[in-house]
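[1] need a 3D model of the sequence below.
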Amino acid sequence: MNHEQSQPVFKRLKTVCVPLMGATALTASSVPTVSRLLSELLNILYDIRSSGYSLNEATIKYVFFPIYTLLNCNDSVAIPDQLLEKIFMVLNILCKDWWWYLELKDWDQLFMLCGSVIGGIGTKGKGRERADETKDAAAQDNDDGPFTPNQVRHRMKMFVTHAQTPTFTPILGQTLNSVLLATECHSSSLQNSMLDLLFVLLSDYFPEDLIVSVLPGVVSTTCKLCLGAPGNKGWAKGAVIANSLCVIQDVISRSIGDEPCIKSGAVLSVESIEELSDLVGEQPLKHLAQEQSKYGTSRTPSWLGITSSQLLIAMKSLSPLIKHPTPSALMAMVEFSANILRSTPTTLPLAQPLLLSYLLSLSNSDLPTVSRKASDSLLDLLTTSSKARHSFTRTLLRITRDNLSALPVLLPSQADAKVEHIAGMQDNAMGNLNPFASEIGKLLGPTGGVEKWGWSLLSVLELIDPPVTVTRTSAAQMMLENDPEGSSWLPFPQPMLKNVSSANAYDSLVRMFHALGKAAGDTGLFAVEWFASIGQSGKDYRAVTGMWCSCRLLEGISNVTFFEDPLKSSRLSRSRRLEKLARGLVKSTSLLWDTMNEESIDTQSEGTDEHNEVPQTQHVKGLVQLHDTLQITRGTPIGSRVTAQPMLHSSLSLQLISITAGILESRFTPLFIYSLYPILHSLVSPFSFLTETAFRALNFVTICTSYASPANLLLSNFDYVLDSVSRRLSRQWLDVDATKVLAVMIRLVGSDIVERAGDVVEECFDRLDEYHGYDVVVEGLVEVLGEVMKVMQLEELSKTRDVSNQTKKIGNYGPAPRTAWGDNNPPDKGKGIDQSEDAQEVMPDEEPPLSSSQALSKQIVQRSVYFLTHESTGIRARILNLLSSSVPILSESALMPSVHSAWPFILNRLADKEIFVVSAAAGLIEALVTSMGSLMFRRVWDDVWPRFRSMLSKMQTADTINTLSRRVRGGVGSESVYTHSHRLYRSIIKTMTAALRGVDPQDSSNWEVIIALY
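    Predicted coordinates:
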């Protein structure tokens, strides 16, 4: 600012400075006047700064002189806080320009003035505790004034050199002590100001040896600030924590970092051959040759060992901060951990596990910015080319191993939060260790000690059935062709962990295993094979857990998961080793179904191996009653543990087969000979969890092998299924559920099975000849024949419907020629000429040949009627229903001979002891009467109606005591569709209705039927 510009500014300042100079002697009456003048001076200075003018040295000294006189003429204790605050605000504005001209003696006076106000120190040892606003103004004055470095380095260097002289060092230390004491106030704004001032003091003015001396006090005070004052409730402010951690990381890096410690000789660093040769030779220690100041502390190996242990304790006390609710505190923890790891890899090796665990925990944060920052910091530490990178990698591996060893201890304690925390750390560690897959492979490989930590996990990761399994109806599951979503991907139902009740903790454990497998790659296949061998060795809870662990690890290695659509998931190149293991797992896992009927679902373990037995922890809720004599012992032993879990074991085995299908994809087709039977066998299980798992497995395998639908898959591999069923229906190997597998396959395939149904029928009748005395097997085979008949019935109905639709479309277009245009040959011309061999003349009375489905139905009927007299009521009812299904398919000439031969047996079934057999017989007669026409009418009147009449009188009496019958006003009815009598009444009514239409009965018979049915 030139002379012409300074004159108006000087005049404005003079109007305030002259009255202020006259009121420097403070009294009770002059304090308001001085306060008003200081406020006017502040306003003028603010206007000058806002206009862009810079004050020259003469103007600054002119303004400073009344301020100096005011401070010099009055005792510091007598100056009110309000005036002192305004004085520091004036000095703050002046120092912005005065810094360029400030002499060292003036700088000393300002420094001591600010320090005395912050510390409450007065003249002659008497002081006064100032208000927080006054201390804040003093801190701002120091921060923005002489304590703030400027762009001009030589000016800053002059002040720093002066501050590090032996005469000024005590003042520096006293100021530091005052600032540290001031940080313990309750005002967060003053705390932040003091922490900013503390950072400037330590980073710019404290010498290297002196900062070593103040390290313990600074770290102790700032750690207390991070954790909050003892009297305050709740967390400390996020900004206070961020500023405190910034001070801690700076003072640790400057005092005990690798660079200053190597420079002083406290640690030795060998990075080249020359340094190694110097180390072998006799070299004097560097720290002995250094000059030691009066107040400083030398860095020695003994000092380093003691200080590093104390710092480790202090940093451990900061562990609660990883759960702080504010993002600023969490981001500061990330910066603190990463910077300390970078600056002290050699001097603080014991702190690496702690700081890396902080970063792993924060990378699992719910806040995206925090988790992303922590993950980036971890990745930067592990990928940056430095000598500490390998140390960090080894530390992360050690953390991984320790966490795996800690999980067996945490899981029985039912601490879901801790389990989720540990599992999340494992997940993040594996995600950052992906570039070092060989190191993770050692953990899951032959030398990783999986036998040690694997057995520990198997002993505590006990799976249980979910309380509720949400499934779709069986009709929707079976009729996949009619369900548009039948072949769509659906997630697999998952079991529950006995010691983990939280879904988040369970998902964290699953992600942990996925991350372990993904990071290990093919080397982790050893652990997969080990867990799978445990899972295939039995069906106890350890085998179930082993199968679960192998599934989760294999998902991570192959990138095949049940939690997303396989069509949308990324496909990774599979190695030959992985595909070879997948083929072996399919074969060995499918063999588990060969021994399925040898074990019972409710089997309990009779004993356990002493070598595998581990102490069990029992959690009891409530009060434990003590003995009268205070004998605190357990009176009765803990009950034996139910360890057999075949249902869960089968479900997880299906998951393992599905994963291998996702790995092999189209190359999985040759393995259908092993894998289809286990899937279909599980579909007919009475347990909804296993049935739903099998349904999901069938869909998953269908998608992975690129089939359009499960029906197409089963039809293409029909021979595999039929061969598996045949082998399990032999005398050497009899599985009573094999017939159910065949039935469910027919139900799944639908109408397309007609072309292959002949093989099924032949197989069924061959087995009926062998096992006709075994009711369970015969009933299952008859059920299969019934399913075949239902499919062919639907096929014939669809053909009939198509023909009728085509007839409707053709219409009547009037007379039309019956010969080709231009054919002048008479109709008889050409007789005697040899006709083609394929041209067969059909006689008018001759019926057309039977179709394949009709011929097969005729065969089933002819060979099934002999079972109408079987001793099992269920088989008799199934045969009657089977014959009813054949009526719409076969013509009169094809069906009636078999009906005629079996007619006495059909009539005898109307007198059966079981009403459901009688109902099935009535349904067959109804179908015959409504379809066969006049051939059955006379038989109805002669043979059936007398039996119906006696049945009606008996049923009327029985309905009065039947609880399923609906009681209506005026009597008892059978309107309930859930009663067999309802079905029987319906069949009788329909049968007699058809009979009355075909025959002209006598009047007495008409009235007899009407009255009996009324």
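[2] in the stretch 801-950 of the chain, which spans are helices?
    Under the criterion DSSP state H, counting those that start in this stretch, helices of the stretch 801-950 of the chain are mapped to 852-864, 873-886, 892-909, 915-932, 934-939, 945-958.
[3] mean pLDDT added to those, as TSV?
    Listed next are the helices of the stretch 801-950 of the chain as TSV, based on pLDDT from 0 to 100:
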stretch	mean pLDDT
helix 852-864	85
helix 873-886	88
helix 892-909	87
helix 915-932	86
helix 934-939	76
helix 945-958	77
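[4] how much space separates the most centrally placed residue in the chain from Phe563?
    Centrality entry for the chain: nearest residue to the mean C-alpha point is Asp507, 3.6 Å, by C-alpha atoms, centre = their mean. Computed as C-beta to C-beta, to the nearest Å, the Asp507 to Phe563 distance reads 9 Å. (Each C-beta comes from the backbone N, C-alpha and C, glycine too.)
[5] and for Leu104?
    From Leu104 to Phe563 the distance is 70 Å (C-beta to C-beta).
[6] cool, Tyr771 as well?
    Applying C-beta to C-beta to Tyr771 and Phe563 gives a distance of 44 Å.
[7] more crowded one of these two?
    Higher neighbour count among Tyr771 and Phe563: Tyr771, with 19 against 13, using other C-beta atoms under 10 Å.
[8] read off the pLDDT value for that one.
    What the model reports for Tyr771 is a pLDDT of 81.
[9] contacting residues around it?
    The neighbours of Tyr771, taking C-beta atoms under 8 Å, 6 or more residues apart in numbering as the test, are 729, 777-778, 781.
[10] go on, Val917?
    873, 876-877, 880, 909.
[11] buried ones from those, can you make that a PyMOL selection?
    Buried residues within these, by 16 or more other C-beta atoms under 10 Å, are selected in PyMOL with:
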select buried, resi 873+876+877+880+909
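[12] please enumerate the strands of the stretch 601-750 of the chain.
    Counting by DSSP state E, counting those that start in this stretch, the stretch 601-750 of the chain has no strands at all.
[13] point out where it drops to low pLDDT.
    601-643 (pLDDT under 70).
[14] what do you get if the cut-off is 50, keeping everything else the same?
    For the stretch 601-750 of the chain, applying pLDDT under 50 flags the ranges 601-615, 630-640.
[15] show me where pLDDT drops low in the stretch 1-150 of the chain?
    123-125, 142-150.
[16] got it, and the stretch 751-900 of the chain?
    For the stretch 751-900 of the chain, the stretches with pLDDT under 50 are 826-842.
[17] what residues are up against Leu664?
    If a contact means C-beta under 8 Å, 6+ apart, then Leu664 has 574, 579, 582-583, 671, 704 as its contacts.
[18] and it, how far from Leu680?
    20 Å.
[19] the helix or strand harbouring Ser220: what's the following helix or strand?
    If you go by DSSP states H and E, Ser220 is part of helix 208-227. Reading on from helix 208-227 to the C-terminus, the next helix or strand found by DSSP H and E is helix 238-256.
[20] what's that following helix packed up against?
    With contacts defined as 3 or more C-beta pairs under 8 Å, 6 or more residues apart in numbering; DSSP states H and E, helix 238-256 has these neighbours: helix 188-200, helix 208-227, helix 301-316, helix 327-343.
[21] quick check: angle from that helix to helix 208-227?
    150 degrees (axes from the mean of the first three to the mean of the last three C-alpha atoms, to 10 degrees).
[22] just checking, next helix/strand downstream of helix 238-256?
    Past helix 238-256, the next helix or strand by DSSP H and E is helix 258-264.
[23] so for that next one, mean pLDDT?
    86.
[24] just the CA atoms of it, as PDB, please.
    The C-alpha coordinates for helix 258-264 follow below in PDB (Å, rounded to 0.1, in the frame of the first residue of the first chain):
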ATOM      1  CA  ASP A 258      11.900 -45.800  10.700                       C
ATOM      2  CA  GLU A 259      13.600 -42.900   9.200                       C
ATOM      3  CA  PRO A 260      14.700 -41.000  12.400                       C
ATOM      4  CA  CYS A 261      15.500 -44.200  14.200                       C
ATOM      5  CA  ILE A 262      17.700 -45.500  11.400                       C
ATOM      6  CA  LYS A 263      19.300 -42.200  11.200                       C
ATOM      7  CA  SER A 264      20.100 -42.100  14.900                       C
END
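[25] buried residues in that helix, which are they?
    For helix 258-264, the neighbour count (16+ other C-beta under 10 Å) marks 258, 260-264 as buried.
[26] any idea of the pLDDT on the residue lying closest to Ala139 once chain neighbours are set aside?
    Computed as C-beta to C-beta, 6 or more residues apart in numbering, the closest residue to Ala139 that is not its neighbour in sequence is Ser193, at 4.2 Å. What the model reports for Ser193 is a pLDDT of 86.
[27] list the contacts of Ser193.
    Counting by C-beta under 8 Å, 6+ apart, Ser193 has contacts 135-136, 139-140, 143.
[28] all helices for the stretch 501-650 of the chain, in order.
    With helices called from DSSP H, counting those that start in this stretch, the stretch 501-650 of the chain shows them at 503-520, 525-535, 541-558, 576-590, 646-664.
[29] which residues does the first one contact?
    Judged by C-beta under 8 Å, 6+ apart, the contacts made with helix 503-520 from elsewhere in the structure are 416-417, 419-420, 423-424, 426-431, 433-434, 437, 440-441, 443-445, 494, 496-497, 500, 524, 527-528, 549, 552-559, 561.
[30] I'd like the next helix or strand past the host helix or strand of Glu133.
    When elements are assigned from DSSP H and E, Glu133 belongs to helix 132-144. For helix 132-144, the following helix or strand on the C-terminal side (DSSP H and E) is helix 153-163.
[31] which of the residues in that next one are buried?
    156, 159, 163.
[32] for the stretch 151-300 of the chain, which spans come out with low pLDDT?
    Along the stretch 151-300 of the chain, segments meeting pLDDT under 50 span 151, 282-290.
[33] now with 90?
    By pLDDT under 90, the low-scoring segments of the stretch 151-300 of the chain are 151-194, 196-210, 225, 227-237, 257-300.
[34] quick one: Val500 and Pro412 touch, right?
    No: taking contacts as C-beta atoms under 8 Å, Val500 lies outside contact range of Pro412: 10.6 Å.
[35] what is the burial count for Lys224?
    For Lys224, the tally of surrounding residues (other C-beta under 10 Å) stands at 17.
[36] the one 10 residues further on now?
    Using other C-beta under 10 Å, Gly234 has 7 other residues around it.
[37] what about stretch 717-736, start to end distance?
    With C-alpha to C-alpha, to the nearest Å as the measure, stretch 717-736 spans 22 Å from end to end.
[38] hmm, I was thinking of stretch 317-327
    One end of stretch 317-327 sits 20 Å from the other (C-alpha to C-alpha).
[39] what's the mean pLDDT across it?
    On average, stretch 317-327 scores 91.
[40] neighbouring contacts of it?
    In this structure, residues lying in contact with stretch 317-327 by C-beta under 8 Å, 6+ apart are 223, 226-227, 235, 237-238, 241, 329-330, 333, 354, 358, 361-362, 367, 369-370.
[41] and Lys184, how far from Ala236?
    Not quite, residue 184 is Glu, not Lys. 12 Å.
[42] kindly report the same for Tyr53.
    For Tyr53, the distance to Ala236 - C-beta to C-beta - is 42 Å.
[43] these two: which has the busier surroundings?
    Ala236 (21 against 16).
[44] phi, psi for that one please.
    phi -70, psi 160 (degrees, to the nearest 10).
[45] excluding its backbone neighbours, what's nearest it?
    Gly228 (4.0 Å).
[46] for the one you found, what are its contacts?
    234-236.
[47] redo the residues you listed as CSV? Include distance to Glu692.
    Below are the contacts of Gly228 laid out as CSV (distance: C-beta to C-beta, whole Å):
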residue, distance to Glu692
Gly234, 47
Trp235, 46
Ala236, 51
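[48] closest one of those residues to Ser751?
    Each of the contacts of Gly228 was checked against Ser751 using C-beta to C-beta; the closest is Trp235, at 68.5 Å.
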